[in-house]
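> Can you look at this prediction? I've put the sequence above it.
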Amino acid sequence: MYNFLGAGVGVSWSKTEENIKTPGYVFIDSGTTKDKDNTTATLANLKGGAVLDKTHRVSLSYSPTFDNEGNIHNFFVGYDYLIPVNNENRFYIGAHAGISNFEGKKDMTDYDMSGFSYGAQAGYIYDITRNIEFELGVIYTKYNLDTDGKRKSVDGSVAVTNLELKYSVGTFVGINYKF
């Protein structure tokens, strides 16, 4: 058994859905009361944990994403099944669950929300030295986050909408220190 601390960076793609709840209003670009949006954000990843033997890894992680419309803060507990290729290389597949928080920016400041999230991850780990490893991964997270908020319409009046964060997919590279 050994412990590790790691840090990484990457890119995340999130899907949101917004529904207008105020009668008589529609989104200009779609002409409907529903709008779906995909956003790209910068992903950071800080984690620590333990490798219990050559095939089991548990971790705690903080994984925020940052974009123009809002930030998502993810706090996860994770498990990975490690698949050794040789002494320096291994693949992994795993699951995570935790709490996520969305903080809106600009015209989205009325849309702060928190809730349960869960998902799966997979990746590759290479031992650079005895204490340093390189990690490359992909992560999928499903969110249980939605809230009502207010937005200004084109005519200046206020419309109530419901914003739901559906899911995100991210890729990252990182370095882990083993001790």
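Structure's in. What do you need?
> contacts, neighbours, all on C-alpha from now
Noted.
> What ranges does the protein have for its strands?
Taking DSSP state E as the criterion, the chain contains strands spanning 2-20, 34-53, 56-62, 65-66, 70-84, 89-104, 113-127, 132-152, 158-178.
> Might you calculate how far the first one sits from the centre of the chain?
Going back to what we said before, that points to strand 2-20. Centre-to-centre, strand 2-20 and its host chain are 3 Å apart (Cα atoms, centre = their mean, to the nearest Å).
> Report all helices and strands that it contacts.
Counting contacts by 3 or more Cα pairs under 8 Å, 6 or more residues apart in numbering; DSSP states H and E, strand 2-20 is packed against strand 34-53, strand 158-178.
> from those strands, which stretch is densest packed?
Mean neighbour counts were taken over the helices and strands packed on strand 2-20 using mean count of other Cα atoms under 10 Å, and the top value, a mean of 19, falls to strand 158-178.
> What average pLDDT does that one get?
Computed over strand 158-178, the mean pLDDT rounds to 94.
> before we move on, the earlier item: okay if I get the strands of the chain as JSON lines plus distance to residue 26?
Compiled in JSON lines, those are given as follows (distance: least, Cα to Cα, whole Å):
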{"stretch": "strand 2-20", "distance to residue 26": "7"}
{"stretch": "strand 34-53", "distance to residue 26": "8"}
{"stretch": "strand 56-62", "distance to residue 26": "37"}
{"stretch": "strand 65-66", "distance to residue 26": "28"}
{"stretch": "strand 70-84", "distance to residue 26": "23"}
{"stretch": "strand 89-104", "distance to residue 26": "21"}
{"stretch": "strand 113-127", "distance to residue 26": "24"}
{"stretch": "strand 132-152", "distance to residue 26": "12"}
{"stretch": "strand 158-178", "distance to residue 26": "10"}
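> Give me the residue ranges of this protein where confidence is low.
The chain contains residues with pLDDT under 70 at 28-31, 107-109.
> Compute the number of surrounding residues for residue 71.
As a burial measure, residue 71 scores 19 neighbours (other Cα atoms under 10 Å).
> gap between it and residue 103?
With distances taken as Cα to Cα, to the nearest Å, residue 71 is found 5 Å from residue 103.
> Please apply the same query to residue 16.
Residue 16 sits 14 Å away from residue 103, going by Cα to Cα.
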